[in-house]
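>>> Need a 3D model of the following:
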Amino acid sequence: VLPRPLFEWLASSELGSAQEVATADAALALLRETRSKAEVARKARIALLSEERTSGPLMCKLAGHRACGELDDTVASLDARLAGLILRFGALLEAERSAVTRHLRLEARLCAGERRHQSFAQRLGIFSLHLEHETGGSVCVKRLPATHPQFQRCKRAATENVKKGYFSSSSSSSSSSS
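Modelled structure (predicted):
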């Protein structure tokens, strides 16, 4: 493929003299020779790069043995840095895993406590319905707010009338009853 101006000049019917034709032929031959040499150089460069890629680092071949040693040192230091970063990342993952495990255990304990509370509330609700039914509505269990006077009277009565040691462990109460 010739450059467009050269192609138009060669293709024009106005080629006057034999000298112009000879000049055009010489330019065309020079162009073909240049393209041929460029193709050979390109193939040689591709072969050289392929050989360099398979035989070792290109920098070592270009800069000489001293640069190759420096490159090896740099690669070794980068490998050591990478290994250190990998170990730190692994340690962070382990720490995160243990933190997540602790958090999951805490959530499991909280859920178990909530299930016990809900079970107790359900049993208390069923007892309240049963008690109300058996007494014909004369006794009913209701939740009172902490500020309600009846709640405060019941709380005071319960705390004043509890026997000493009632809530302590069974081993201390069995020794005090002997």
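
>>> which stretches of this structure form strands?
Using DSSP state E, no strands are found in the chain.

>>> Can you pull the poorly scored residue ranges out of it?
By pLDDT under 70, the low-scoring segments of the chain are 1-2, 6-21, 52-69, 169-178.

>>> what about the helices in the protein?
4-11, 18-55, 58-63, 65-134, 149-161, 170-177 (DSSP state H).

>>> okay, those, which one's buried deepest?
Compared across the helices of the chain, helix 58-63 shows the largest average neighbour count, a mean of 13 (mean count of other CB atoms under 10 Å). To be clear about C-beta, it is placed using only N, CA and C from the backbone, and glycine gets the same treatment.

>>> What's the end-to-end length of stretch 127-140?
Start and end residues of stretch 127-140 are separated by 10 Å (CA to CA, to the nearest Å).

>>> Distance from it to the middle of the chain?
58 Å (CA atoms, centre = their mean, to the nearest Å).

>>> quick one on the thing from earlier: of the helices of the chain, give the one that comes closest to Val141.
Closest approach to Val141 among these (CB to CB): helix 65-134, 3.7 Å.

>>> now for that closest one, which elements pack on it?
If contacts are counted by 3 or more CB pairs under 8 Å, 6 or more residues apart in numbering; DSSP states H and E, helix 65-134 sits against helix 58-63.

>>> Spatially nearest residue to Glu132, not counting backbone neighbours?
Cys140 (4.7 Å; CB to CB, 6 or more residues apart in numbering).

>>> Pull the number of nearby residues for the one you found.
10 (other CB atoms under 10 Å).

>>> need the contact list for it.
Ser128, Leu131, Glu132 (CB atoms under 8 Å, 6 or more residues apart in numbering).

>>> run the last query once more with 10 Å
Ser128, Leu129, Leu131, Glu132 (CB atoms under 10 Å, 6 or more residues apart in numbering).
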